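# Structure, please.
(one chain, ligands or ions: 2)
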Amino acid sequence: MTKMNTDKTFSAAQISKMFRVESSKQTLLNAEEKGIIPTAQRIQRGKTAYRAWSLEQLPLIGKAIGYLAPIERPTVLSVFSLKGGTGKSSLAFQVARTYALHGSKVLMIGLDAQESITQTLRKTTPREESANINHITEPNGIYHFLTDKEKAIELESLIQKTDLATLNYIAEGIELSVLDNWLNQQTRKEYTLKEKLVRPLLKRFSFDLIIFDCNPAWNSVVTSALAASDALISPLGADINSLKAARIFTDLLADFQDDMNHTFDTFFIVPTMLEANKLSQSVQARYRLDYDTLCTITSIRRAVAVQESNLNGTSLMEYAPDSPAYDDFVGVMKEISAAINVAQMAKVSKVNKKKSKPSAAAAEL
Ligand SMILES: Nc1ncnc2c1ncn2[C@@H]1O[C@H](COP(=O)(O)OP(=O)(O)O)[C@@H](O)[C@H]1O
Ligand SMILES: [Mg+2]
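Ligands and ions are numbered 1, 2, ... in the order given. The predicted structure is shown next:
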């Protein structure tokens with residue numbers, strides 16, 4: 001059986017690096033003393049007692065001193081682009097876990113029958129849960145929930161736990177490969193995921209962020225996920241084949257937004273798999289020229305640490321907070337988070353304006 005991360009502890013130095021606490025370690029110790037962050041255990045080594053925080057405490061620490069601002073209103077984010085292997089599932093996982101470590105309540109919904117994000121997340125499922133899963137059957141997924149009316153599957157039964165109380169997921173399965181056929185027979189297929197899944201989830205549970213990890217195909221499952229999303233993040237690989245796919249992708253996306261009358265509050269292209277060679281660099285430059293401010297300022301380099309952290313079921317901030325790969329993700333995460341917050345503030349001010357405007361009836365008086 002795989003060893004769980006839950007008994008792992010984090011030192012003050014590690015926490016400072018993970019949450020990018022700019023000033024000295026002392027900041028963290030002061031925050032502990034003032035009760036801004038939870039109290040660490042003291043581990044005696046010789047004459048000195050070291051502070052050690054547990055994994056469970058990290059979301060509270062992140063909320064208090066992390067670099068991501070909390071999400072004020074529930075947000076649905078899709079990670080999608082047309083080509084496989086551009087780092088979509090990896091980015092979706094890092095975004096999910098990093099937000100969860102900053103205290104936001106996150107639900108990851110994988111939409112790929114290849115199950116890559118589910119395999120990563122399953123590594124973090126608490127032991128007793130995974131024992132159940134192994135002994136009974138595969139957990140219910142969204143296909144069962146949406147299509148099997150006779151069984152009347154409860155939404156609760158879909159939600160899987162991880163080693164973080166703030167991170168849950170709905171498991172993918174091979175049956176997702178036929179979800180598209182089913183959706184195509186529905187009258188309002190574009191709105192099915194929004195109306196039958198996202199709304200009930202947000203009504204019943206207090207998730208701050210729902211993330212769809214899409215499979216790389218333009219089909220009804222994807223368009224239905226996009227129509228339910230406030231934000232879209234599209235990782236594009238810095239290689240020739242990804243560049244070719246990018247043109248088709250952005251055209252499809254523009255048509256989709258027109259046809260559906262749907263605009264994303266937040267949309268970013270993230271150049272990924274960047275390598276030091278000339279070709280990769282010039283593809284990246286091409287993205288920046290063509291898509292300008294739609295591209296994140298930070299690109300994600302190809303780095304083995306990303307692969308390792310996926311295999312380990314931990315985020316880069318836990319696995320390699322010193323790595324250049326984590327620097328890249330911090331850059332991208334900060335940009336995404338800032339954009340989500342700006343979009344939310346714009347929405348709030350719109351609502352307030354409406355509220356403060358006297359109604360037509362009141363104006364007549
Ligand atoms: N920045 C990166 N550097 C190196 N390997 C990466 C990086 N991002 C993802 N990978 C690896 O590349 C493979 C494909 O990534 P994945 O995130 O599954 O892509 P997608 O979801 O777009 O198909 C995986 O083995 C993953 O671990
Ligand atoms: Mg994937």
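
# Could I have the CA atoms of stretch 99-115 written out in PDB?
Backbone C-alpha positions of stretch 99-115 (Å, rounded to 0.1, in the frame of the first residue of the first chain) are rendered in PDB as follows:
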ATOM      1  CA  TYR A  99      -5.700  26.600  -4.500                       C
ATOM      2  CA  ALA A 100      -6.700  23.900  -2.000                       C
ATOM      3  CA  LEU A 101      -3.400  24.500  -0.200                       C
ATOM      4  CA  HIS A 102      -4.400  28.200   0.000                       C
ATOM      5  CA  GLY A 103      -7.600  27.300   1.700                       C
ATOM      6  CA  SER A 104     -10.100  27.400  -1.200                       C
ATOM      7  CA  LYS A 105     -12.500  24.500  -1.500                       C
ATOM      8  CA  VAL A 106     -11.800  22.800  -4.800                       C
ATOM      9  CA  LEU A 107     -13.600  20.100  -6.800                       C
ATOM     10  CA  MET A 108     -11.800  18.600  -9.700                       C
ATOM     11  CA  ILE A 109     -13.900  16.900 -12.400                       C
ATOM     12  CA  GLY A 110     -12.000  15.000 -15.000                       C
ATOM     13  CA  LEU A 111     -13.700  14.500 -18.400                       C
ATOM     14  CA  ASP A 112     -11.100  12.200 -20.000                       C
ATOM     15  CA  ALA A 113     -11.700   8.500 -20.400                       C
ATOM     16  CA  GLN A 114      -7.900   8.200 -20.200                       C
ATOM     17  CA  GLU A 115      -8.300   9.000 -16.500                       C
END
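
# Quick check: Ile210 is in a strand.
Yes - under DSSP: H, G, I helix; E, B strand; the rest coil, Ile210 falls within a strand.

# Bridged to it, which residues?
Val76, Leu107 (DSSP bridges).

# looking at it, it is touching Leu201, isn't it?
Yes - using CB atoms under 8 Å, Ile210 is in contact with Leu201, at 6.5 Å. Backbone N, C-alpha and C define where each C-beta goes, glycine included.

# got any residues that touch both of these two?
The contact sets of Ile210 and Leu201 overlap at Leu107 (CB atoms under 8 Å, 6 or more residues apart in numbering).

# In terms of packing, which of the two has more residues around it?
Ile210 (27 against 19; other CB atoms under 10 Å).

# need the contact list for that one.
Counting by CB under 8 Å, 6+ apart, Ile210 touches Pro74, Thr75, Val76, Leu77, Val106, Leu107, Ile109, Val198, Leu201, Leu202.

# ok, now how distant is the closest residue to ligand 1 within the stretch 101-250 of the chain from Ala231?
In the stretch 101-250 of the chain, the residue that lies nearest ligand 1 is Ser116 (4.7 Å; CB to the nearest ligand atom). Relative to Ala231, Ser116 is positioned 21 Å away (CB to CB, to the nearest Å).

# What residues sit buried inside the longest helix along the chain?
The residue-count maximum for a helix in the chain (DSSP state H) belongs to helix 324-356. Within helix 324-356, the residues that qualify as buried are 325-337, 339-341, 343-344, counting by 16 or more other CB atoms under 10 Å.

# does Tyr326 really touch Val306, like I thought?
No - Tyr326 is beyond contact range of Val306, at 9.3 Å (criterion: CB under 8 Å).

# My read is that Arg51 contacts Ser11, right?
Yes - here Arg51 reaches Ser11: they are 6.8 Å apart, a contact under CB under 8 Å.

# higher neighbour count, these two?
Taking other CB under 10 Å, Arg51 and Ser11 do not tie; Arg51 has more neighbours (19 against 16).

# ok so the more buried one is a helix residue?
No - using three-state DSSP, the secondary structure at Arg51 is strand, not a helix.

# gap between it and ligand 2?
From Arg51 across to ligand 2, the span is 38 Å (CB to the ion, to the nearest Å).

# now Ile142
Note on Ile142: its distance to ligand 2, by CB to the ion, is 16 Å.

# gap between that residue and Lys105?
19 Å.

# same deal with Ala343?
As judged by CB to CB, Ala343 and Lys105 stand 19 Å apart.

# Kindly report the same for Ser23.
Going from Ser23 to Lys105 by CB to CB gives 29 Å.

# what residues does stretch 30-48 touch?
Contacts of stretch 30-48 (CB under 8 Å, 6+ apart): 9, 12, 28, 49-54, 57, 60-61, 64-65.

# In it, which residues are buried?
Under 16+ other CB under 10 Å, the buried positions of stretch 30-48 are Ala31, Glu32, Ile37, Pro38, Ala40.
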